[in-house]
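Asker: Compute the structure for the input listed below.
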Amino acid sequence: NRRDFLKYVGFSTAAVTLAACEGPVIKSVPYVVQPEQIIPGIANYYATSIADGFDFASILIKTREGRPIKVENNSDASSMGSANARVHASVLSLYDIKRLQGPKVKGKDVSWNDFYNQLGSKLKAMANSGKPIVILTQTFASPTTQSILNKFIMQFPNIRHVTYDAISSSAALDAFENIYGVRALADYDFSKAETIVSIAADILGDWQGGGYDAGYAKGRVPKKVHGKSIMSYHAQFESNLSLSGANADDRFPIDPPSLKKVVAQIYAGLTGISLKNNLDTKLSKSVAEVVKRLKKSGPKGVVVSGIDDIAVQEVILAINNFLGSKVIDVAQPKLIRMGSNSEVIKLLSDIKSGKVKGLITAGINPGFTLPNSQEYLDAVEKLELSVAFTTKVDETATAAQFVGATPHYLESWGDYEFKKGHFALAQPTIKPLFDTRQFQDVLLKIMKTETNYYQEIKSFWKEKILLEKTWNQSLHDGFLYSDSSIEFT
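Answerer: Sure thing, here's the model as predicted:
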């Protein structure tokens, strides 16, 4: 009847409500000896760096009870102290259960001692027979890592090192090296700019490593000078709409072949060289107006380009040199890209032809990022030796005989020179969650060196970088700026 129905419904509703109000039972286990630096509920911050071959930055890591939970900008850093969206999200990959949890040989889990012994024996046998091996890595921008690689190659002279950038800046690197003798990328401080002309360079995106948005934003804030409000002028020539184009004062959408002609006309207009160009009348007038602005701005003008062509990049450097631009910095360039397209193409050709017998990769996944990735993977599977150092079982690791499980950057030591004279340190913010080893530690172990990577970094810094500074202070700050020129051999 209705009375019983309401009675039962009322009871079940009340029971459900009470059950929903019951919180889960969480048992707290107190510290036997509480670490002095940890106060439950109070966050700790540690300075470290990320350098994954694409994103490079000095950052702060927020931790609670020893667990990294958030990435912050290191605003005190002398350069590259800002984090983009990818860097902010990178803390999530630390807790990814799909990470590689230990070393593998031919698909089977092994101990690190077995990994060292088997790989070491194979390398010695191939060295004795003079069979060529290539170490293919990301851009590390690490002076200590380069030192370790040099020692490793001295011990195994049949090995050579090639750098591969999945997002290449090879043309800009080649142009800078041709003119200034250093393989690096010019740096830019757009806060000093009065006129910015960009030809297919997304300066607010990931162009040449990114990080230019803060300086750009400063110049875009109107300032009163002699009673007039002024800010930087930005002209963007491009084929596809970019973030920079969307923020430009004048955006000129043009077809890709015309981009190089625009660069040539800007150079000709500034230097007074006569040039026959078949640009349409409207675009020619726009370029002429941009040239007038550049002439007026002089040292406060700058021209940048994302065109992947060595000759174009050399012209861009020549334009900025002609302007005497104070926006561009060639004295202390950025060292976050080192890859050479020609070297990588030659390596792929040598692998296919059988000239290279072994390949060791670290920090990269060419089995996914190369345009002819399947052809590359098929060739790697035929090699006498293939080794992949990675955090996950990716395409490259699947094709490799030896797979070294590497730690997340928040579990790792490291040192970097993002920009000439601007050094950074990375330190672990948590104990490694899995049975992993850093690539550098594996090289040292195979060389039977008594020191580990951390000790190598500390020794290298004390000998060549710190000078009058202290190790503890540099580690605390996460960076060090040196005015003196330091040459690494």
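Asker: Poorly predicted segments of this protein, please.
Answerer: Applying pLDDT under 70 to the chain flags the ranges 1-24, 26, 483-489.
Asker: for residue 47, what are its contacts?
Answerer: If you count contacts by Cβ atoms under 8 Å, 6 or more residues apart in numbering, residue 47 has them with 58, 59, 60, 61, 74, 425, 427, 475, 476, 477, 478, 479. (Each C-beta comes from the backbone N, C-alpha and C, glycine too.)
Asker: Could you name the specific helix or strand carrying the fourth one?
Answerer: According to DSSP states H and E, residue 61 maps onto strand 56-64.
Asker: List the neighbours of that strand that are in contact with it.
Answerer: Outside strand 56-64, the residues that reach it (Cβ under 8 Å, 6+ apart) are 41, 43-50, 68-74, 77, 79-84, 87, 91, 141, 209, 211, 336, 410, 416, 418, 424, 429-430, 478-479.
Asker: List the buried residues for it?
Answerer: Buried residues in strand 56-64, defined by neighbour count with 16 or more other Cβ atoms under 10 Å: 56, 57, 58, 59, 60, 61, 62, 63.
Asker: And for stretch 89-105?
Answerer: If you call a residue buried by 16+ other Cβ under 10 Å, then stretch 89-105 has these buried ones: 90, 91, 94, 99, 100, 102, 103, 104, 105.
Asker: Now, these that are in strands?
Answerer: Using DSSP state E, the subset of those located in strands is 104, 105.
Asker: from the buried residues of stretch 89-105, which is closest to residue 176?
Answerer: residue 90 (28.5 Å; Cβ to Cβ).
Asker: correct me, but the closest one touches residue 50?
Answerer: Yes: using Cβ atoms under 8 Å, residue 90 is in contact with residue 50, at 6.4 Å.
Asker: Overlap in contacts, those two.
Answerer: Common neighbours of residue 90 and residue 50 (criterion: Cβ under 8 Å, 6+ apart): residue 409.
Asker: returning to that earlier point: columns distance to residue 390 on top of the buried residues of strand 56-64, output as TSV?
Answerer: Listed next are these as TSV, based on distance: Cβ to Cβ, whole Å:
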residue	distance to residue 390
56	19
57	21
58	24
59	22
60	27
61	22
62	27
63	25
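Asker: quick one: which of these is nearest to residue 135?
Answerer: residue 56 (20.4 Å).
Asker: Tell me how far that closest one lies from residue 78.
Answerer: From residue 56 across to residue 78, the span is 14 Å (Cβ to Cβ, to the nearest Å).
Asker: contacting residues around residue 268?
Answerer: Contact analysis of residue 268 by Cβ under 8 Å, 6+ apart lists 274, 275, 277.
Asker: follow-up on the earlier one: pairing partners for the strand holding residue 61, with directions?
Answerer: strand 44-51 (antiparallel), strand 67-73 (antiparallel) (DSSP bridges).
Asker: so which of those gets nearest residue 155?
Answerer: Checking the strands paired with strand 56-64 against residue 155 by Cβ to Cβ gives strand 44-51 as the closest, at 25.2 Å.
Asker: can you pull up the bridge partners for residue 385?
Answerer: residue 358.
Asker: Tell me, how many residues neighbour it?
Answerer: Neighbourhood size, residue 385 [other Cβ atoms under 10 Å]: 19.
Asker: Contacts only, for it.
Answerer: Residues in contact with residue 385 (Cβ under 8 Å, 6+ apart) are 122, 123, 126, 133, 357, 358, 359, 360, 401, 402.
Asker: And the furthest pair within the residues you listed?
Answerer: Using Cβ to Cβ, the contacts of residue 385 span at most 14.4 Å, a distance reached by 357 and 402.
Asker: Specify which residue of these two has the higher count of neighbours.
Answerer: When neighbours are counted by other Cβ under 10 Å, residue 402 comes out ahead of the other of residue 357 and residue 402, with 21 against 18.
Asker: now the more buried one, nearest residue through space, not along the chain?
Answerer: Excluding the flanking residues, the one nearest residue 402 by Cβ to Cβ, 6 or more residues apart in numbering is residue 387, at 4.2 Å.
Asker: what kind of secondary structure is that neighbour in?
Answerer: Of the three states, residue 387 takes strand under DSSP: H, G, I helix; E, B strand; the rest coil.
Asker: Touching, it and residue 360? I think so.
Answerer: Yes: with contact defined as Cβ under 8 Å, residue 387 reaches residue 360; the gap is 4.3 Å.
Asker: among the strands paired with strand 56-64, which is nearest residue 348?
Answerer: With Cβ to Cβ, the closest approach to residue 348 among those belongs to strand 44-51: 24.9 Å.
Asker: now the closest one, how far from the centre of its chain.
Answerer: Centre-to-centre, strand 44-51 and its host chain are 15 Å apart (Cα atoms, centre = their mean, to the nearest Å).
Asker: Now do the buried residues in it.
Answerer: With the criterion 16+ other Cβ under 10 Å, strand 44-51 contains buried residues 44, 46, 47, 48, 49, 50, 51.
Asker: do stretch 260-278 as well
Answerer: 260, 261, 262, 263, 264, 265, 266, 267, 268, 269, 270.
Asker: gap between the third one and residue 251?
Answerer: Distance of residue 262 to residue 251, computed by Cβ to Cβ: 13 Å.
Asker: what's the answer for the last one, then?
Answerer: Taking Cβ to Cβ as the criterion, residue 270 is separated from residue 251 by 21 Å.
Asker: before we move on, back to that, residues contacting the residue nearest to residue 402?
Answerer: So residue 387 contacts 119, 358, 359, 360, 361, 400, 401, 402, 403, 404 (Cβ under 8 Å, 6+ apart).
Asker: Quick one: neighbours of residue 255, just the number.
Answerer: Neighbour count of residue 255, defined by other Cβ under 10 Å: 7.
Asker: residues contacting it?
Answerer: If a contact means Cβ under 8 Å, 6+ apart, then residue 255 has residue 239 as its contacts.
Asker: tell me the phi and psi of it?
Answerer: Reported as degrees, to the nearest 10, the phi and psi values for residue 255 are phi -80, psi 150.
Asker: likewise residue 108?
Answerer: Reported as degrees, to the nearest 10, the phi and psi values for residue 108 are phi -110, psi 140.
Asker: Kindly report the same for residue 81.
Answerer: Given degrees, to the nearest 10, the pair of backbone angles that residue 81 has is phi -100, psi 20.
Asker: Give me the subset of the contacts of residue 387 that lies in strands.
Answerer: Those of these lying in strands (DSSP E): 358, 359, 360, 361, 402, 403, 404.
Asker: now those as JSON lines including distance to residue 459?
Answerer: Converted to JSON lines, the ones in strands among the contacts of residue 387 look like this (distance: Cβ to Cβ, whole Å):
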{"residue": "358", "distance to residue 459": "30"}
{"residue": "359", "distance to residue 459": "30"}
{"residue": "360", "distance to residue 459": "24"}
{"residue": "361", "distance to residue 459": "27"}
{"residue": "402", "distance to residue 459": "28"}
{"residue": "403", "distance to residue 459": "30"}
{"residue": "404", "distance to residue 459": "24"}
